[in-house]
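*Asks:* Kindly generate the corresponding structure for this input.
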Amino acid sequence: MILNLDGTWRYAPTSTPAGISVDAGFDCSALLTEDYDEVTGRKTTRVTDAIVLSDDNTNGVVLNVFRSDASGYFIFFMFKVVDEGKTPCFDKSNRLYLLFTDGSRQEYYNGADFNCDGTFYFTVSINAAGRKLLKEFQEKQLKTIRLVGYKGESFQRDFDQYQAAYLNQAVGCMARSIEK
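*Replies:* Numbers count the residues shown, from 1 in each chain. The predicted structure is shown next:
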């Protein structure tokens with residue numbers, strides 16, 4: 001799936017991100033893309049294809065994972081929500097709940113300022129505590145996410161097996177790219 005600048009998404013030309021099947025595994029060079037900004041001299045490393053959680057390709061949640069040289073040793077998990085053609089509002093008191101297939105859970109507060117463009121993000125630092133969280137993202141399969149908006153509205157989506165495996169590998173590749 002490809003995230004458009006206006007927050008909508010469309011299918012990529014291949015049937016799976018980077019044309020990779022779950023059985024074949026994932027190659028970091030296919031999972032990550034590096035963009036270089038000539039003006040600032042900064043490099044951004046991002047997951048090549050966003051993960052789109054949608055039943056109808058109109059409403060749902062888009063997940064992007066990226067890091068920038070400017071952010072140091074942080075990995076950003078950015079969600080964009082579209083519901084019934086509208087984008088919900090989020091502020092820093094809103095939460096994201098993660099449920100893994102083994103029944104374990106994680107919870108994050110929104111790192112974005114108040115917005116009504118459907119943006120919610122959290123960061124994970126590459127320190128001891130952050131490495132533990134990233135290890136969970138690499139080893140456990142994510143089952144369900146739930147974002148709670150500014151007015152208490154809830155946006156819940158499930159990951160399929162491919163999306164969960166893609167996220168596991170992408171987070172691992174991203175963490176290793178920082179250590180280089």
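
*Asks:* can we go C-alpha only for contacts and neighbour counts from here?
*Replies:* Noted.

*Asks:* Which pLDDT value belongs to Leu3?
*Replies:* For Leu3, the pLDDT comes out at 48.

*Asks:* buried set for the helix or strand Ala165 falls within?
*Replies:* Element membership for Ala165, per DSSP states H and E: helix 161-179. Neighbour-count burial for helix 161-179, with 16 or more other CA atoms under 10 Å as criterion, is recorded at 162-175, 178.

*Asks:* Return the list of helices and strands in contact with that helix.
*Replies:* If contacts are counted by 3 or more CA pairs under 8 Å, 6 or more residues apart in numbering; DSSP states H and E, helix 161-179 sits against helix 28-31, strand 32-37, strand 42-47, strand 60-68, helix 128-139.

*Asks:* who touches it?
*Replies:* 22, 26, 28, 31-32, 45-47, 51, 65-67, 73, 75, 126, 134-135, 137-143 (CA atoms under 8 Å, 6 or more residues apart in numbering).

*Asks:* Apply the buried test to those and list what passes.
*Replies:* Buried members of the contacts of helix 161-179, scored by 16+ other CA under 10 Å, are 26, 28, 31-32, 45-47, 51, 65-67, 73, 75, 126, 134, 137-138, 140-143.

*Asks:* tell me the contacts of the nearest residue to Phe76 once chain neighbours are set aside?
*Replies:* With sequence-adjacent residues excluded and distances taken as CA to CA, 6 or more residues apart in numbering, Phe76 is closest to Thr123, at 4.5 Å. Neighbouring residues of Thr123 by CA under 8 Å, 6+ apart: 74-77, 111.

*Asks:* Name the member of the residues you listed with the most neighbours.
*Replies:* When neighbours are counted by other CA atoms under 10 Å, Ile75 leads the contacts of Thr123 with 24 neighbours.

*Asks:* In which helix or strand does it reside?
*Replies:* Using DSSP H and E, Ile75 falls within strand 74-82.

*Asks:* and that strand, how far out from the chain's middle?
*Replies:* Mean C-alpha position of strand 74-82 versus that of the full chain (CA atoms, centre = their mean, to the nearest Å) differs by 5 Å.

*Asks:* Can you name every helix or strand that it contacts?
*Replies:* Contact analysis of strand 74-82 by 3+ CA pairs under 8 Å, 6+ apart lists strand 60-68, strand 119-125 as its packing neighbours.

*Asks:* can you redo the ones you listed as a markdown table with mean pLDDT and distance to Phe100?
*Replies:* Below are those laid out as a markdown table (pLDDT from 0 to 100; distance: least, CA to CA, whole Å):
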| stretch | mean pLDDT | distance to Phe100 |
| --- | --- | --- |
| strand 60-68 | 90 | 16 |
| strand 119-125 | 92 | 17 |
